[in-house]
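K.L.:
no sequence on this one, just coordinates:
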Ligand SMILES: NC(=O)C1=CN([C@@H]2O[C@H](COP(=O)(O)OP(=O)(O)OC[C@H]3O[C@@H](n4cnc5c(N)ncnc54)[C@H](OP(=O)(O)O)[C@@H]3O)[C@@H](O)[C@H]2O)C=CC1
Ligand SMILES: O=C(O)[C@H](O)COP(=O)(O)O
């Protein structure tokens with residue numbers, strides 16, 4: 001049960017506390033933020049609306065704790081991370097329950113998100129010891145005109161205080177994908193969880209608390225992003241921001257100071273289907289890729305670009321598979337559950353009505369009950385329809401019929417997004433050429449887009465992001481280079 005057992009200390013009455021300086025606290029604002037259950041549309045939980053003064057205190061504590069943490073041996077940092085990962089997996093049930101209630105994540109997916117997160121933390125601990133345990137040694141005479149009288153020792157050192165801001169759809173996994181790299185690299189961490197997903201995040205933070213991390217090293221500031229977000233992202237105490245979400249990230253990138261930014265934003269992942277593709281494989285991947293977690297994944301298949309000659313056959317296969325999708329409550333492990341909010345459902349509906357008005361073919365009747373939208377395939381979508389370009393973040397998938405591969409690549413590259421894409425063909429040479437031509441961070445060949453497994457590099461270009469995630473790249477991004485040059489009185493080749 002969320003907020004009970006070992007988690008009893010993180011709640012006060014019906015309001016979850018925030019975490020700072022090694023303690024669970026009530027905000028002096030005496031205000032709380034309601035978390036509405038997407039399925040019932042009733043208030044499920046409440047979290048503290050933290051004040052700017054509480055942010056300042058968390059930043060001060062983070063700065064002080066980081067100085068000591070940077071002097072903590074790598075093996076000790078890794079040991080604590082392994083403990084946190086194990087505790088997280090041990091308490092997967094109450095954390096998954098919070099995911100079910102606050103973001104309507106199907107029960108099975110909720111459990112797997114928590115387990116995946118525990119595994120990410122441990123993998124990160126091991127990877128951090130490996131890559132941070134070595135540096136570079138350069139000699140001066142490798143550059144013309146120099147003798148070997150300078151030795152250069154190059155190492156990776158922490159940035160300082162990392163601000164982590166994850167989105168609602170993977171509030172635990174996309175939080176630890178920032179927290180673990182930050183900590184193993186010797187940084188401290190301030191977390192601003194999504195409102196929808198905040199309680200799952202608070203439970204996850206408690207697992208780090210139980211593991212025994214130093215006071216002040218980790219804090220979790222709750223409150224609406226629209227109210228406390230700018231104060232956090234423009235705070236002078238922040239040395240790096242790692243953000244995942246929508247175009248909010250673009251706004252943040254314009255406000256943040258001279259600090260490293262890691263941004264994983266929206267996507268319009270295109271699925272290009274060639275005439276020789278295995279259509280059963282394609283249909284299976286389109287349904288899984290397009291409708292898992294009700295399409296609320298940045299890596300969801302968001303537009304299908306299929307050669308006209310095989311389009312009818314593909315559409316029939318997809319429609320047939322869609323009839324097997326269950327629609328209902330996350331507690332029952334339904335495939336399709338309520339989207340995260342009424343505003344999200346309204347946005348999705350707007351795209352559907354626009355497509356209807358402009359003549360798209362509806363493969364199913366459009367059906368909505370509250371935030372629950374039944375899976376919908378739109379055929380014969382044209383570029384003048386909003387759904388051809390915008391990201392519904394919901395269970396609605398457009399099909400665009402193309403006359404050539406070039407037409408498909410053109411549509412993919414004309415998008416403002418550039419996260420992932422996929423191509424289905426039996427001709428690997430053609431697949432490689434298409435992958436090279438697609439302007440996206442990743443191209444999947446003969447499978448739907450996916451961020452996982454979490455050690456793979458994951459990046460978006462254009463409006464889909466800045467920098468590269470994935471455990472190794474995240475660790476490196478949360479460090480900076482330090483050179484120490486030893487100047488010898490006379491050249492020495494004894495090490496040559
Ligand atoms: N690339 C990806 O992985 C994802 C992309 N998205 C995209 O984002 C859209 C909306 O999803 P959502 O999660 O609400 O994304 P948002 O960009 O609205 O929110 C992401 C995170 O940013 C916080 N935030 C909001 N405003 C600010 C601000 N001014 N300063 C700092 N932080 C802020 C949010 O907090 P709060 O919740 O309190 O507002 C949340 O923690 C989706 O429709 C989709 O397009 C969403 C999820 C994942
Ligand atoms: O933000 C998202 O939607 C996730 O990065 C998607 O992760 P997945 O592809 O592993 O589901």
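P.N.:
Nice, I can see it. In this text, all values refer to a predicted model and were calculated from it rather than measured experimentally. Ligands and ions are numbered 1, 2, ... in the order given.

K.L.:
check contacts around residue 319.
P.N.:
Residue 319 sits next to 363-364, 377 when contact means C-beta atoms under 8 Å, 6 or more residues apart in numbering. Where C-beta positions appear, they are placed from N, C-alpha and C, glycine not excepted.

K.L.:
of all those residues, which comes closest to residue 58?
P.N.:
residue 377 (46.4 Å; C-beta to C-beta).

K.L.:
which strand or helix spans the closest one?
P.N.:
Element membership for residue 377, per DSSP states H and E: strand 376-379.

K.L.:
residues in contact with that strand?
P.N.:
With C-beta under 8 Å, 6+ apart, strand 376-379 has contacts from 311, 315, 318-319, 322, 352, 355, 360-364, 366, 387, 395-399, 401.

K.L.:
let me know the average pLDDT across whichever helix or strand comes after it.
P.N.:
With elements assigned by DSSP H and E, the helix or strand that comes after strand 376-379 is strand 396-402. For strand 396-402, the mean per-residue pLDDT is 98.

K.L.:
quick one, grab the pLDDT at residue 496.
P.N.:
Reported pLDDT for residue 496: 54.

K.L.:
any idea how many residues pack against the closest residue to residue 422 other than its chain neighbours?
P.N.:
The spatially closest residue to residue 422, leaving aside those adjacent along the chain, is residue 444, at 4.1 Å (C-beta to C-beta, 6 or more residues apart in numbering). Residues within reach of residue 444, counting by other C-beta atoms under 10 Å, total 22.

K.L.:
shouldn't residue 444 be in contact with residue 420?
P.N.:
Yes: between residue 444 and residue 420 there is a contact at 6.6 Å, judged by C-beta atoms under 8 Å.

K.L.:
shared neighbours of those two, anything?
P.N.:
residue 450.

K.L.:
what lines up beside the strand holding residue 377 in the sheet?
P.N.:
As defined by DSSP bridges, the strand partners of strand 376-379 come to strand 361-362 (antiparallel), strand 396-402 (parallel).

K.L.:
pick the most buried one from those strands.
P.N.:
Of these, the one with the most neighbours on average (mean count of other C-beta atoms under 10 Å) is strand 396-402, at a mean of 24.

K.L.:
give me the helices and strands touching the helix or strand following that one, please.
P.N.:
Following strand 396-402 in sequence order, the next helix or strand is helix 405-414 (DSSP H and E). The contact analysis (3 or more C-beta pairs under 8 Å, 6 or more residues apart in numbering; DSSP states H and E) places helix 405-414 against strand 270-273, strand 303-307, strand 396-402, helix 428-437.

K.L.:
I'd like to know which of these is closest to ligand 2.
P.N.:
Proximity to ligand 2 (C-beta to the nearest ligand atom) singles out strand 270-273 among the helices and strands packed on helix 405-414, at 13.8 Å.

K.L.:
show me what that closest one is packed up against.
P.N.:
Applying 3+ C-beta pairs under 8 Å, 6+ apart, one finds that strand 270-273 contacts helix 279-291, strand 303-307, helix 405-414, strand 420-424.

K.L.:
6 Å instead, please
P.N.:
strand 303-307, strand 420-424 (3 or more C-beta pairs under 6 Å, 6 or more residues apart in numbering; DSSP states H and E).

K.L.:
tabulate the ones you listed (TSV), appending mean pLDDT, mean neighbour count and distance to ligand 2.
P.N.:
Converted to TSV, the helices and strands packed on strand 270-273 look like this (pLDDT from 0 to 100; neighbours: other C-beta atoms under 10 Å; distance: least, C-beta to the nearest ligand atom, whole Å):
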stretch	mean pLDDT	mean neighbour count	distance to ligand 2
strand 303-307	98	26	16
strand 420-424	98	29	8
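
K.L.:
figure out which of these is closest to residue 84.
P.N.:
Closest among the helices and strands packed on strand 270-273, using C-beta to C-beta: strand 420-424, at 29.3 Å.

K.L.:
before we move on, the earlier item: tell me which element the residue nearest to residue 422 falls in.
P.N.:
strand 442-445.

K.L.:
got the contact list for that strand?
P.N.:
Here strand 442-445 makes contact (C-beta atoms under 6 Å, 6 or more residues apart in numbering) with 420-423, 431, 435.

K.L.:
this completes my enquiry, with thanks.
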